[in-house]
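J.: Generate a structure from the sequence data that follows.
(one chain, ligands or ions: 1)
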Amino acid sequence: MSCRPAPITLALTALAAVIMCVGCALQTKPGSSAAISVRKALASSLLDDPKVGLANFHVSGRHDSATAIDNIRHAAAGRRSHRSRYQRAPGGAIYLDTRMLRTLKILAREGYSFRVTELAGGSHSPKSGHYGGTAFDVDYINGIKVGWGNPYFRRFMKRCRQLGARETRGPGDSGHRSHVHVEW
Ligand SMILES: [Zn+2]
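T.: Take a look at the predicted model:
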């Protein structure tokens, strides 16, 4: 007799597991309401952070609605951020990666000041993480232009890797003489 409730218990356990899995999947989806609210909070906080500079121009000199500050404003509004549409840039829009936004916030909280020159906008190499909303570029760290004369860029890149970035590039890497690239 004591074994009779077992199938029901098993069924309920299985149902709970399915619900939890669905919940997890939704949370990791960039367009889920949970991800959007996290992104909005992080982006709003970055807009208000005096240690975080957000370029309102492209280094290329092109004008569009995909500059770093445009990207963050759109994210703060719960929207997709625009990609540029010139040279290799594909146009369209993408949700910014919340891990990346969280890292920017942590870096500022840990004392770094920096200027972000590109997020999803700008023209980069084909298949660049920028187009997927998973990369950022920085050209000033602690008030000093990124380059061999900047004593902070190596530690900055290392910290980004510790915080989950899968790739960092900077002075010494081809095409990164004057900026740091961080990608998830
Ligand atoms: Zn880059």
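
J.: Next, the contact list for residue 154, please.
T.: Counting by Cβ atoms under 8 Å, 6 or more residues apart in numbering, residue 154 touches residue 170. C-beta coordinates here come from the backbone N, C-alpha and C atoms, glycine included.

J.: For it, pull up the helix or strand it's in.
T.: helix 153-162 (DSSP states H and E).

J.: what's across from whatever residue of the chain ends up closest to the ion in the sheet?
T.: Across the chain, no residue is closer to the ion than residue 181, which sits at 3.4 Å (Cβ to the ion). Residues in a beta bridge with residue 181, per DSSP bridges, are residue 137, residue 169.

J.: what about the closest residue to residue 168 other than its chain neighbours, how many neighbours?
T.: Once flanking residues are discounted, residue 168 sits nearest to residue 157: 3.9 Å by Cβ to Cβ, 6 or more residues apart in numbering. The number of residues packed near residue 157 is 22, by other Cβ atoms under 10 Å.

J.: still on that earlier bit, list the residues that contact the residue of the chain closest to the ion.
T.: Remark: with contacts taken as Cβ under 8 Å, 6+ apart, residue 181 is in contact with 135, 136, 137, 167, 168, 169, 170.

J.: and with 10 Å instead?
T.: Contact partners of residue 181, counting by Cβ atoms under 10 Å, 6 or more residues apart in numbering, are 118, 124-125, 128-130, 135-138, 157, 160, 165, 167-170, 173, 175.

J.: In ChimeraX, how would I select the buried members of the residues you listed?
T.: The buried residues among the contacts of residue 181 can be selected in ChimeraX (16 or more other Cβ atoms under 10 Å) with this line:
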select :118,124,128,129,130,135,136,137,138,157,160,165,168,169,170
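
J.: Could you list which of the contacts of residue 181 also contact the ion?
T.: residue 137 (Cβ under 5 Å from the ion).

J.: re earlier: touching, the residue nearest to residue 168 and residue 150? I think so.
T.: No: the pair residue 157 / residue 150 is not scored as a contact, 11.1 Å apart, by Cβ atoms under 10 Å.

J.: circling back: list the contacts of the residue nearest to residue 168.
T.: Counted by Cβ under 10 Å, 6+ apart, residue 157 has contacts 138, 141, 165, 167, 168, 169, 170, 171, 173, 180, 181, 182.

J.: Report the buried residues of whichever helix or strand residue 35 is part of.
T.: Residue 35 belongs to helix 33-47 when assigned by DSSP H and E. Across helix 33-47, burial judged by 16+ other Cβ under 10 Å covers 35, 36, 39, 40, 42, 43, 45, 46.

J.: The third one and residue 70: what is the separation?
T.: Distance of residue 39 to residue 70, given as Cβ to Cβ, to the nearest Å: 15 Å.

J.: again, but for the first one
T.: Distance from residue 35 to residue 70, counting by Cβ to Cβ: 20 Å.

J.: Now do the SS call for the one residue sitting closest to the centre of the chain.
T.: With distances taken as Cα atoms, centre = their mean, residue 100 lies nearest the centre of the chain, 2.9 Å away. Put simply, residue 100 is helix when judged by DSSP: H, G, I helix; E, B strand; the rest coil.

J.: Please consider this matter closed, and thank you.
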